[in-house]
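> Curious how this folds, go ahead:
(chains A and B)
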There are 2 protein chains.
Amino acid sequence: MKLDRILPFARTLLEKAFIPGTIAVDATLGNGHDTYFLAKLASVDGHVYGFDIQKEAIQTTKERLDADNLSDRVTLIHDGHEKVKEHIPESVKGKITAAIFNLGYLPGGDKSIVTKAETTISAIEQLLDLLAVEGIIVLVIYHGHDEGAIERDELLQYVKELDQQKAHVLRYQFENQKNNAPFIIAIEKR
Amino acid sequence: MKLDRILPFARTLLEKAFIPGTIAVDATLGNGHDTYFLAKLASVDGHVYGFDIQKEAIQTTKERLDADNLSDRVTLIHDGHEKVKEHIPESVKGKITAAIFNLGYLPGGDKSIVTKAETTISAIEQLLDLLAVEGIIVLVIYHGHDEGAIERDELLQYVKELDQQKAHVLRYQFENQKNNAPFIIAIEKR
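Okay, the predicted model is just below:
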């Protein structure tokens, strides 16, 4: 397949956006794959903040980072991403160049614990304020579960109304897949 | 801006798909920019077929190619793209790796002459048959004019129903732009 699939395209966007030595945010640790990926890209001068409300996600990510001695580059925060500004120091404003959200539930975890539009949008708003110009927020939207469809619709409405002078909003989606395959919304700050 | 804009992304897809030494099709010559781009990528062994119903488009493209001695690699066809199979020899079947459509009207030309869903879809069907596996058809959809909105809706309905076992259908679109900005549908044969 020559077209980038969803997850590789999300990675490509993170690589394009994240400048080594700056700050990245993983708003949903999940199994820690993105935090690990970002920590490697960060280089010794950069830093990654990772959020998750589930202890399990924090633990899994910590182990993954420890195994490769990457923990020094990462701050893991056991709290919801809607509290971004409570946990990230004001001094990083303008230094965040990449952020990622994997919306939905923790893969292999409790499917009743899901992200919700209200808190997701609150986190996006805060990140947009903290982001550097040309910084990118990548949203991978899983919408196969009931609340996922609701979150998707509210999010799409929100991003469509973002002022085009302030941000570019890109949608990257396969149109003929069954089973509500995930898709990407990428928001680049102007 | 770090996210690829529409026209650069269309070019990126063509570069990814078009294998030098194989065949490409420009279904809408317009001012010849894509044919010129494809002719350069084709290398001496490759070939490009370009279609347009407007003599003006054929002439402009011919001049562009002649200026860089690229005309040998290109066959310009003064006819509609729905007649692909009448003009392209059966022997190229399985050797076309890239095709592009710029839908709408000729930039700077007669705005009453526009592409239409029925002929566009007919051309896509024929090209899908002639395409190599992993070959990509790129559609740049301009939908700011009245017939453009109709063509867009019919095309979207058509591509959403393409069997996912036969083709991947990707949509690449900026979601918060005013004035019906163009967007991309890319169809990759499986």
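> Around chain B, which positions in chain A sit nearby?
Residues of chain A lying close to chain B by Cβ under 8 Å from any Cβ of the partner chain are A:1-3, A:13, A:16-17, A:134, A:136, A:156, A:159-164, A:167-178, A:185-186, A:188, A:190. C-beta coordinates here come from the backbone N, C-alpha and C atoms, glycine included.
> Select only the buried ones of those residues in ChimeraX?
Buried members of the residues of chain A next to chain B, defined by 16 or more other Cβ atoms under 10 Å in any protein chain shown, are picked up in ChimeraX with:
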select /A:2,3,13,16,17,134,136,156,159,162,167,168,169,170,171,172,173,174,175,176,185,186,188
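> just checking, which of the residues of chain A next to chain B belong to helices?
Among the residues of chain A next to chain B, the members found in helices (DSSP state H) are A:13, A:16-17, A:156, A:159-160.
> Kindly reformat those as a markdown table containing pLDDT.
Shown next, in a markdown table, are those (pLDDT from 0 to 100):
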| residue | pLDDT |
| --- | --- |
| A:13 | 98 |
| A:16 | 98 |
| A:17 | 98 |
| A:156 | 98 |
| A:159 | 98 |
| A:160 | 97 |
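> Include distance to residue A:60 when you put the residues you listed into JSON lines, please.
Shown next, in JSON lines, are those (distance: Cβ to Cβ, whole Å):
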{"residue": "A:13", "distance to residue A:60": "24"}
{"residue": "A:16", "distance to residue A:60": "27"}
{"residue": "A:17", "distance to residue A:60": "25"}
{"residue": "A:156", "distance to residue A:60": "30"}
{"residue": "A:159", "distance to residue A:60": "30"}
{"residue": "A:160", "distance to residue A:60": "35"}
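> show me the contacts for residue A:60.
Going by Cβ atoms under 8 Å, 6 or more residues apart in numbering or on different chains, residue A:60 touches A:29, A:31-32.
> which residues in chain A form strands?
A:23-26, A:47-51, A:74-77, A:96-102, A:131-141, A:167-174, A:183-189 (DSSP state E).
> Return the most buried member of those strands.
Burial of those is given as mean neighbour count (mean count of other Cβ atoms under 10 Å in any protein chain shown); strand A:23-26 ranks first at a mean of 29.
> what pLDDT, on average, does that strand get?
The average of the pLDDT scores along strand A:23-26 is 98.
> what's that strand packed up against?
When contacts are defined as 3 or more Cβ pairs under 8 Å, 6 or more residues apart in numbering or on different chains; DSSP states H and E, strand A:23-26 packs onto helix A:33-42, strand A:47-51, strand A:96-102.
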